[in-house]
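> Give me the fold of what follows.
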Amino acid sequence: MTLLQVDGVTKQFGGLTAVNNVSFSVEEGQICSVIGPNGAGKSTLFKLISSFLVPTSGQVRFDGAQVSGLKPHVAARMGVVRTFQETTVFKEMTALENVIVAHQLGLQSRTLGVFLGSRLARDENAAIRDSSSEILDYLGLGHVKDERAVNLPHGYLRALGIAIAMAAKPRLLLLDEPFAGMNPDETNRAMEMVQGIRRRGITVLLVEHDMRAVMNISDWIVVISFGSKIAEGKPEAIRADEAVIAAYLGEDDLELGH
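This is a model prediction of the structure:
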């Protein structure tokens with residue numbers, strides 16, 4: 001089943017066309033990667049899909065419903081949730097406290113009920129704590145749940161950013177360069193984590209520069225260059241695509257999975 005449909009999306013900033021008539025779809029249960037040289041328009045496309053930007057033309061549909069033009073928090077409640085390149089965590093809070101705060105997006109009880117200590121509020125608080133601990137355990141962070149975020153190494157901070165996004169109960173999780181700045185061991189753990197998220201029933205769309213990771217975990221890859229889609233397909237097809245190879249000439253970090 002098609003979960004995400006991007007139809008002829010264009011985004012212009014004044015006289016600059018950052019994304020030009022891009023179309024592709026993501027099937028439910030897939031790991032799909034968007035790749036391209038620096039400045040290709042990947043981040044702009046990502047913001048269009050997650051409703052942080054409104055397309056100049058075209059539309060984005062999620063599970064059949066249009067999300068273009070919605071507020072990001074409304075899209076998130078529908079199930080379209082994104083992470084950010086810069087890890088947005090409360091550095092002085094523990095890992096567990098960060099995920100608990102993130103759960104507030106789905107909080108059911110009224111503020112007054114929290115102050116009055118209502119049973120609903122108490123039940124929600126207990127459920128949120130349990131859910132937060134379970135997410136951290138699932139992502140391999142259970143042993144640092146009581147550690148302040150400021151003390152966590154880079155790879156753990158990136159994983160905590162994903163845990164925070166998971167608290168919003170996504171159906172489609174958008175990961176913005178989840179492997180950036182990681183050493184090989186951290187990258188391998190992060191790859192296993194992303195595959196585990198898919199096994200949890202969550203569809204994953206990621207923007208990434210690490211070609212080894214992309215080629216190893218992706219079911220489908222979309223390639224953009226100068227704002228336009230130049231190829232899409234399975235990893236083995238993308239690896240051999242002449243247009244993709246030409247677009248990446250001069251890119252030192254291109255490995256294409258080798």
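> Domain map for this protein?
Using automatic domain parsing, the domain ranges for the chain come out as 1-79+172-258, 86-169.
> Any chance of those domains in CSV with mean neighbour count and mean pLDDT as columns?
In this view, the C-beta of every residue, glycine as well, is placed from N, C-alpha and C. As requested, the domains of the chain are exported to CSV (neighbours: other Cβ atoms under 10 Å; pLDDT from 0 to 100):
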stretch, mean neighbour count, mean pLDDT
domain 1-79+172-258, 18, 91
domain 86-169, 17, 81
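> give me every residue that touches Ser132.
With contact taken as Cβ atoms under 8 Å, 6 or more residues apart in numbering, Ser132 is in contact with 96, 99-100, 102-103, 167.
> The nearest residue to it once chain neighbours are set aside: which element?
Nearest residue to Ser132, sequence neighbours excluded (Cβ to Cβ, 6 or more residues apart in numbering): Val99, at 3.9 Å. Here Val99 sits within helix 95-102, counting by DSSP states H and E.
> and that helix, what does it pack onto?
Packed against helix 95-102 by the contact rule (3 or more Cβ pairs under 8 Å, 6 or more residues apart in numbering; DSSP states H and E) you find helix 119-138, helix 154-166.
> nearest to Gln12, of those helices?
Among the helices and strands packed on helix 95-102, the nearest to Gln12 by Cβ to Cβ is helix 154-166 (28.8 Å).
> report the angle between the axes of the helix holding Val99 and helix 119-138?
130 degrees (axes from the mean of the first three to the mean of the last three Cα atoms, to 10 degrees).
> what's the angle from helix 95-102 to helix 154-166?
Counting by the same axes, to 10 degrees, helix 95-102 lies at 30 degrees to helix 154-166.
> ok now helix 95-102, how far from the chain's centre?
18 Å (Cα atoms, centre = their mean, to the nearest Å).
> where along this structure do the strands fall?
Remark: strands assigned in the chain by DSSP state E are 2-13, 16-27, 31-35, 57-62, 65-66, 80-82, 172-176, 203-207, 220-225, 228-233.
> Tell me which of those sits nearest to Ala126.
So among the strands of the chain, strand 80-82 is nearest, using Cβ to Cβ, at 23.4 Å.
> which helices and strands does that closest one pack with?
strand 172-176.
> again, only using 10 Å
In terms of contacts (3 or more Cβ pairs under 10 Å, 6 or more residues apart in numbering; DSSP states H and E), strand 80-82 is packed against helix 42-49, helix 72-78, helix 154-166, strand 172-176, strand 203-207.
> can you list the ones you listed in a markdown table and add distance to Lys234?
Shown next, in a markdown table, are the helices and strands packed on strand 80-82 (distance: least, Cβ to Cβ, whole Å):
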| stretch | distance to Lys234 |
| --- | --- |
| helix 42-49 | 19 |
| helix 72-78 | 28 |
| helix 154-166 | 25 |
| strand 172-176 | 20 |
| strand 203-207 | 16 |
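> Quick one, which of those gets closest to Phe226.
helix 42-49 (11.5 Å).
> so how far is that closest one from its chain's centroid?
11 Å.
> any idea of the angle it forms with strand 57-62?
70 degrees.
> got the CA coordinates for helix 42-49 in PDB?
Only the C-alpha atoms of helix 42-49 are listed here, as PDB (Å, rounded to 0.1, in the frame of the first residue of the first chain):
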ATOM      1  CA  LYS A  42      17.200  17.200  -0.200                       C
ATOM      2  CA  SER A  43      16.600  19.200   3.000                       C
ATOM      3  CA  THR A  44      14.000  21.400   1.300                       C
ATOM      4  CA  LEU A  45      12.200  18.400   0.000                       C
ATOM      5  CA  PHE A  46      12.300  16.900   3.500                       C
ATOM      6  CA  LYS A  47      10.700  20.000   4.900                       C
ATOM      7  CA  LEU A  48       8.000  20.000   2.300                       C
ATOM      8  CA  ILE A  49       7.100  16.400   3.100                       C
END
